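Novice: below is the sequence, then the predicted model.
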Amino acid sequence: MTEELHEVRLSVNGTTREVRVPARRLLSDALRHDLGLTGTHVGCEHGVCGACTILVDGRPMRSCLLFAVSAVGTEITTVEGLTNPDGSLGHVQQAFAECHGLQCGFCTPGFLTTITAGLRENPSPTHDEARDMIAGNLCRCTGYQNIVKAVERAAVLGLDTVAARPTRPTNESARDEGAS
Amino acid sequence: MKPAPFAYRRPGSLSEALAALAGEANAKVLAGGQSLVPLLSMRLAAPALLVDINGLPDLAAIEVTDDGVRVGALARHADVLAHEEARRVQPLLAMALHHVAHATIRNRGTTVGSIVHADAAAEMPVVLILLGGSVEVESTAGRRTIAADDLFLGPLESSLHHDEIAVQAFFPALPPGAGVAFDEIARRHGDYALCGVAALLRLDPDGAVVEARAGFLSVNELPTVVDLTAAVAGGVDDVSLAAAGEAALTGLDPEGDIHATAAYRAQLVRVLTARVLRAAYDDALARSAAASTGPSTERTR
């Protein structure tokens, strides 16, 4: 029996890509195997570890718990999409480098995407909020302390980046939690 | 860790989805998929057909009236959690949703999907029963409403027929004089709870307890609600709350597994019942006080 293949058009990091995949192709595998975007890592493959976290329409989701066929019509951002347009490290990546927020690096893509979205929702997290932001991601190397520091550093770098752009207000911290 | 092959349909209308379901007895509905996809990947389930309802945005609606909150089949946990009006009309929703997995899972997982997945370790089934809610289901034969009490038959088994889609869940509003609370204990943040408790406690205008019920998750094979009114009708204090914990155990049968012994689970029932009932009592007092001083008083939790 040959398995039916589906033509799926995915929008990944601002580029439209087409893949031909069986319905059971996990989005994590479609990104890695079909599109060659191996920055997204696959750990547990059942939604627990967080390594495969990507952004779907700006919201963090587990790519191992999505089918590629079901991701049509969404805007996907992987870790490859977090660098600045000039190729330099994005502010969350820069903070990880500065704070030694990684050792082996396996979990890092999931943390970077999760924190990118988390800081968009809450640009100035408290220490507890920074910890809460990464509670759904596992890291076996760092003991998390430096990752929490990296969240707080990324918040500072992010605010600086925003401040450097004159058109955007720098302080929206008065907004309600939950509003996004 | 890859799913077995399945046929896939992504209908553009509900009637198309229902027709697809009616044509295949071994089909599953894919909404958020945050429970279904792991089951498929572990090959604990191998449906012949997946009917993906993510192309039906009409099902994502959250409607709030004075009667309660109607949550559509495609409304994500995160959207229900962030819904201010829903939180106002039925605060237990947000209290419980905070405990549903992690934010990342809540971004995709749906509240209705979690209910009809019928996992006794999940938060929303027991909330629906405690509140006396219901689920609206539809097939090519028409619509029917299933009361929460009639929804859960066994572990991961609901009373939906194979050709039905749960299109909406209804959570009744918090009645006047009532308070609610939720808490659970898990080994790891965001993990399945070893024991969780939702409570609803209602006071009469003189401040006497006229209703106290608690719903338990991860204790029995089914989400279970126990009436504890008798234990606390004479007043809410350490003694009556301890009695409520013991009374709860008479309606439950805690089981041991690799995560907790039966005795430890029973102890969690005692402790959490007292803790959550007290919180629901405090919540009822605060709401009654707020209602008597004016309607604009804002409470978050």
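Specialist: Perfect, I can see it now.
Novice: so A:D34 touches A:V19, yeah?
Specialist: Yes - at 4.3 Å, A:D34 counts as touching A:V19 under the criterion of C-beta atoms under 8 Å. Using the backbone N, CA and C atoms, a C-beta is placed for each residue, glycine as well.
Novice: who touches the most centrally placed residue in chain A in this structure?
Specialist: Of all residues in chain A, the one closest to the mean position by C-alpha atoms, centre = their mean is A:T113, 1.6 Å from it. Residues in contact with A:T113 (C-beta atoms under 8 Å, 6 or more residues apart in numbering or on different chains) are A:T53, A:I54, A:L55, A:P60, A:T77, A:T78, A:V79, A:L82.
Novice: report pLDDT for the fifth one.
Specialist: Which is A:T77. Looking at A:T77, its pLDDT is 98.
Novice: correct me if wrong: it contacts A:L55.
Specialist: Yes - if you go by C-beta under 8 Å, A:T77 and A:L55 touch, sitting 3.9 Å apart.
Novice: the more surrounded of the two?
Specialist: Set A:T77 next to A:L55 and count neighbours by other C-beta atoms under 10 Å in any protein chain shown: A:L55 wins out with 24 against 21.
Novice: name the element that one belongs to?
Specialist: Assigned by DSSP states H and E, A:L55 belongs to strand A:53-56.
Novice: give the other helices and strands that that strand contacts.
Specialist: strand A:59-62, strand A:75-77, helix A:108-121 (3 or more C-beta pairs under 8 Å, 6 or more residues apart in numbering or on different chains; DSSP states H and E).
Novice: what mean pLDDT does that strand get?
Specialist: Mean pLDDT, strand A:53-56: 98.
Novice: before we move on, the earlier item: what residues are shared contacts of A:T77 and A:L55?
Specialist: Common neighbours of A:T77 and A:L55 (C-beta under 8 Å, 6+ apart) are A:T113, A:T116.
Novice: which one of the helices and strands packed on strand A:53-56 lies closest to A:G47?
Specialist: A:G47 lies closest to strand A:59-62 among the helices and strands packed on strand A:53-56, at 4.9 Å (C-beta to C-beta).
Novice: okay, now the sheet partners of that closest one, with direction.
Specialist: Next to strand A:59-62 in the sheet, as set by DSSP bridges, lie strand A:53-56 (antiparallel).
Novice: who's in contact with residue 5?
Specialist: If you meant another chain, say so; for now it's chain A. A:R20, A:V21, A:P22.
Novice: let me rephrase: I mean chain B.
Specialist: B:P5 is in contact with A:M1, A:E3, A:P22, A:A23, A:R24, counting by C-beta under 8 Å, 6+ apart.
Novice: if you set the cut-off to 6 Å instead, what comes out?
Specialist: Applying C-beta atoms under 6 Å, 6 or more residues apart in numbering or on different chains to B:P5 gives the contacts A:E3, A:R24.
Novice: in stretch B:252-270, what counts as buried?
Specialist: Buried residues in stretch B:252-270, counted by 16 or more other C-beta atoms under 10 Å in any protein chain shown: B:L252, B:P254, B:A260, B:R265, B:A266, B:Q267, B:L268, B:V269, B:R270.
Novice: which one of the residues you listed is nearest to chain A?
Specialist: Distance to chain A across the buried residues of stretch B:252-270 (C-beta to the nearest C-beta) is lowest for B:A260, with 18.9 Å.
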